[in-house]
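Student: the sequence isn't on hand, but the structure is:
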Ligand SMILES: [Zn+2]
């Protein structure tokens, strides 16, 4: 379990609560080490969603002919591989 997903991790402790409620309207107290406006649960969901989006972007890079592109770039610049 990642620290951001662990409700018992020190970075999710009451110490980081702001005294306000989570802006997602879940009714839980807002504030973690990583985000002052979201509760631990909503912040973990948010980070999970962003991570999935970044992984999708990385996967899309894997579908490109990167090696051929690099070779072409080096040849155009007159450099060595
Ligand atoms: Zn919340």
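Tutor: It's in. Predicted, not measured: the structure shown is a model, and the values here were computed from it.
Student: around the ion, pick out the residues from this protein.
Tutor: Proximity of the chain to the ion, by CB under 5 Å from the ion, involves residues 22, 24, 26, 28, 39, 42. (Glycine included, C-beta is placed from N, CA and C.)
Student: the second one and residue 41: what is the separation?
Tutor: According to CB to CB, to the nearest Å, residue 24 and residue 41 sit 9 Å apart.
Student: distance between the helix or strand harbouring residue 58 and the chain's centre?
Tutor: Here residue 58 sits within helix 40-62, counting by DSSP states H and E. How far helix 40-62 lies from its chain's middle: 5 Å, per CA atoms, centre = their mean, to the nearest Å.
Student: likewise stretch 14-23?
Tutor: Worked out by CA atoms, centre = their mean, stretch 14-23 lies 21 Å from the chain centre.
Student: what's it in contact with?
Tutor: 27, 28, 29, 30, 31, 32, 33, 36, 37, 38, 39, 42 (CB atoms under 8 Å, 6 or more residues apart in numbering).
Student: surely the fourth one touches residue 41?
Tutor: Put plainly, it is residue 30. No - counting by CB atoms under 8 Å, residue 30 stays clear of residue 41, with 11.1 Å between them.
Student: between those two, who's got more neighbours?
Tutor: residue 30 (22 against 16; other CB atoms under 10 Å).
Student: residue contacts, that one?
Tutor: 17, 18, 20, 21, 22, 23, 36, 37, 38, 39.
Student: also residue 5?
Tutor: When contacts are counted by CB under 8 Å, 6+ apart, residue 5 touches 44, 48.
Student: how far away is it from the ion?
Tutor: Distance, residue 5 to the ion, by CB to the ion, to the nearest Å: 14 Å.
Student: most neighbours of all the contacts of stretch 14-23, which one?
Tutor: Tallying neighbours with other CB under 10 Å puts residue 32 at the head of these, with 26 neighbours.
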